[in-house]
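Colleague: sequence and computational prediction follow.
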Amino acid sequence: MSTPLMTSTYSMWSLFRNCRKACEYRYVTGLVSLQKDPNLSFGSLIHECLLIWHGTRDLAQVLDHLERSCAARVSDDGVRRDWHLARAMMTAYATRYSREDFYIIALEKTFEGPIVNPKTGAASRSFLLAGKVDGIVRIGDSNYILEHKTAAQIDADYLERLWTDFQITIYAYYVEQTLGIPITGVIYNVLAKARLQQSRGETEDEYQTRRSELIAKSKSGTSTAKRKMPESDEEFQARLAEKYADPEMFHRETLYLSRERFDILREELWQLTQEFLRARNHKVFYQNTSFCFHHNRPCAYFAICRSNGNPNVIDNFFEIAAPHEELREAEPAF
Amino acid sequence: MLPTAKTPPKTGLSDLTVLVYGQTKIGKTTLCSQAEGALFLATEPGLNALDVFQAPILSWDDLLIACAEIVEGKHPFKTVIIDTIDNAYKFCTDYILKKFKIEHESDLGYGKGYAIVNNEFQRVLTKLAFLPYGLFLISHAKEVEMDSRTGKYVRVVPTLPDKARKIVLGMADMVLFCDLEPTTGEDGSQILRRVIRTKPSLYHEAGDRTGRLPETIDLDFAKFYEAYGAAPAVNNPKPAPTKPAAAATK
């Protein structure tokens, strides 16, 4: 009886390249943190909004989706912050891109195909490769992958780094191979996250303390300082709208993919499958400690590694979840 | 330098690092006081009602001095109990603030202050855990709202700050949650039974990496000891040190 093929994704291979130990925890053991990552939840929310926008071109539907998704904002500051930011971002986005020069072929399109040995042309008997692209669009006679990104800052380094994106080469190659749509390149649709915070104002005690300090510094022994009141939702939305009126908050970058990149990809993917099988057979997924603080924050599995795999850490801070959650069909958003 | 044989599994309680936590007055200290050759490093008052050997710890320096005496080994104690580990962490923070002449951890910028505190805290606990004595760490319990992938829920956790909690749980062989369990008495009335929970759930943190303990045990040291299946008797003769409080004196 043959072993069922293991579904792999860009995320799995990327993690395997970066740290085999983290890859083992996520894709072999199936561990995920109990605590939700706020950065990921905001990115997911914006992806949902963009799916609705590009599917309907109706801002009211986007905002309605936001109202429903962020119903907990009344009691949850994190959700409230996401709601404010997403609302301002999508409203400005709809104005900025009220007309597009591309035609949408598909949105949130999944694919699945074999991983092939480039030397023999034989398909792997261990792995499949699956994924989901944000969109496939057509400009003239050419097709492009549409890839949405949210970024803290869109600067030169960020843009120059895009060509190294292993994900998009995989997606373009597999869209061609499995869906039969030739891909010319990728349109990166980058949305910057404003760093503005809604002002909470100051309490009476905080105001009195600040006032006393000002009076102490003043030669006249008086101060005209007024208590800072909390910023209303309308005031904060207005401030965000002003920020998002800046064209720098959105960026579209088109990258063209050469056939040579596909050749390199095939070689690398095959090599990765062989390395993964070797690691799994020998039960040795080594740590890459240089990756522990990638993006200047600890890896999701840092606490496990730091405790040398103490099961108390695993049992109390992690749960088992099915791999490749990103491949789940999106709930019908419109 | 390199080992020639596998490390045998730890079999005695005196080899283990145990975190005991629960609500105030539930009996955490009493439970720990019955450990073999118990020495309390008392970072907060509350031991007055108990007949125990204790060294009052009022600062991180006190703790370091006490630890140095414990390492020296000229004493009869077999289990070191830090009561509470929360206060020990506060002392560690104060020690670092004083050392770096700052008012708050954030004054060092980029989270450096927090990292230095956590590194110092872990350094000392790791060193203590390596000693041939049992190490019991006592903490209080608090409820936190968990923002999980599937929704929000309330969970009972030790009162240590998040990163310190991860350090302590990461070195603990057992995480024992002292809790109250509603049960029905013989006369049919509802009573609250004091228990130790040894397995984690969505609603509390706990754990037993030895795998010897049942999920719930009565909050009673004899029953805990029996459940663990350790060889030595429960009521070990109390040590009779010549200088019981010497550890705390500078």
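Modeller: In hand now; what should we look at? Only a predicted model underlies this, so the values are computations on that prediction, with no experimental measurement involved.

Colleague: so what's the residue count around residue B:106?
Modeller: When counting by other C-beta atoms under 10 Å in any protein chain shown, one arrives at 12 neighbours for residue B:106. For the C-beta atoms, the positions are set from N, CA and C on the backbone; glycine is no exception.

Colleague: that one and residue B:174, how far apart?
Modeller: In this structure, residue B:106 and residue B:174 are 34 Å apart, going by C-beta to C-beta, to the nearest Å.

Colleague: pretty sure residue A:136 is in a helix, no?
Modeller: No - secondary structure of residue A:136 (DSSP: H, G, I helix; E, B strand; the rest coil): strand, not part of a helix.

Colleague: show the contacting residues for it.
Modeller: A:104, A:105, A:106, A:109, A:143, A:144, A:145, A:146, A:175, A:179, A:181, A:183 (C-beta atoms under 8 Å, 6 or more residues apart in numbering or on different chains).

Colleague: how about 7 Å then?
Modeller: A:105, A:106, A:109, A:143, A:145, A:146, A:175, A:181 (C-beta atoms under 7 Å, 6 or more residues apart in numbering or on different chains).

Colleague: list only buried entries from these.
Modeller: A:106, A:109, A:143, A:145, A:146, A:175, A:181 (16 or more other C-beta atoms under 10 Å in any protein chain shown).

Colleague: where does residue A:144 sit: helix, strand or coil?
Modeller: Strictly by three-state DSSP, residue A:144 counts as strand.

Colleague: what's the neighbour count on it?
Modeller: 23.

Colleague: just the pLDDT at it, thanks.
Modeller: Residue A:144 carries a pLDDT score of 96 in this model.

Colleague: chain B next: which of the buried ones among the contacts of residue A:136 are close?
Modeller: Filtering these for proximity to chain B by C-beta under 7 Å from any C-beta of the partner chain leaves nothing.

Colleague: quick one: neighbours of the closest residue to residue A:10 other than its chain neighbours, just the number.
Modeller: The shortest distance from residue A:10 to any non-neighbouring residue, by C-beta to C-beta, 6 or more residues apart in numbering or on different chains, is to residue A:167 (4.4 Å). Neighbourhood size, residue A:167 [other C-beta under 10 Å]: 17.

Colleague: show me what secondary structure element comes after the helix or strand hosting residue A:167.
Modeller: Here residue A:167 sits within helix A:166-174, counting by DSSP states H and E. Sequence-wise, the next helix or strand downstream of helix A:166-174 (DSSP H and E) is strand A:185-192.

Colleague: what are the pairing partners of that next one, and which direction each?
Modeller: Within its sheet, strand A:185-192 is paired with strand A:142-151 (parallel), strand A:250-256 (antiparallel), according to DSSP bridges.

Colleague: after the first one, heading C-terminal, what element do we hit next?
Modeller: The one in question is strand A:142-151. Once strand A:142-151 ends, the next helix or strand along the chain (criterion: DSSP H and E) is helix A:156-161.

Colleague: could you list the buried residues of that next one?
Modeller: Those would be residue A:158, for helix A:156-161 by 16+ other C-beta under 10 Å.

Colleague: how about residue 215, nearest residue that isn't a chain neighbour?
Modeller: Chain wasn't specified; assuming chain A. residue A:223 (4.9 Å).

Colleague: to clarify, I was referring to chain B.
Modeller: Residue B:215 sits nearest to residue B:199 (C-beta to C-beta, 6+ apart), 4.8 Å away.

Colleague: what's that neighbour in contact with, if anything?
Modeller: With contact set as C-beta under 7 Å, 6+ apart, residue B:199 has these partners: B:206, B:208, B:215.

Colleague: how close does the last one get to chain A?
Modeller: By that I understand residue B:215. Separation of residue B:215 from chain A (C-beta to the nearest C-beta, to the nearest Å): 13 Å.

Colleague: what pLDDT is listed against residue B:6?
Modeller: On the pLDDT scale, residue B:6 is placed at 64.

Colleague: any idea how many residues pack against residue B:119?
Modeller: Neighbour tally, residue B:119, other C-beta under 10 Å: 13.

Colleague: in contact with whatever residue of chain A ends up closest to chain B, which residues?
Modeller: Nearest residue of chain A to chain B: residue A:307, at 2.8 Å (C-beta to the nearest C-beta). With contact set as C-beta under 7 Å, 6+ apart, residue A:307 has these partners: A:313, B:170, B:171.

Colleague: got a winner among the residues you listed for most neighbours?
Modeller: Most surrounded of those: other C-beta under 10 Å gives residue A:313, at 25 neighbours.

Colleague: which element is that residue on?
Modeller: helix A:311-317.

Colleague: quick one: mean pLDDT over that helix.
Modeller: Mean predicted confidence for helix A:311-317 is 94.

Colleague: what lies in contact with the next helix or strand after that helix?
Modeller: Where DSSP H and E defines the elements, the next helix or strand beyond helix A:311-317 is strand A:318-320. With contact meaning C-beta under 7 Å, 6+ apart, strand A:318-320 is reached by A:30, A:31, A:32, A:33, A:34.

Colleague: and strand A:318-320, which residues are buried?
Modeller: Counting neighbours by 16+ other C-beta under 10 Å, one finds that the buried residues in strand A:318-320 are residue A:318.

Colleague: cool, stretch B:214-233 as well?
Modeller: B:216, B:217, B:219, B:220, B:221, B:224, B:225, B:227, B:228, B:230.
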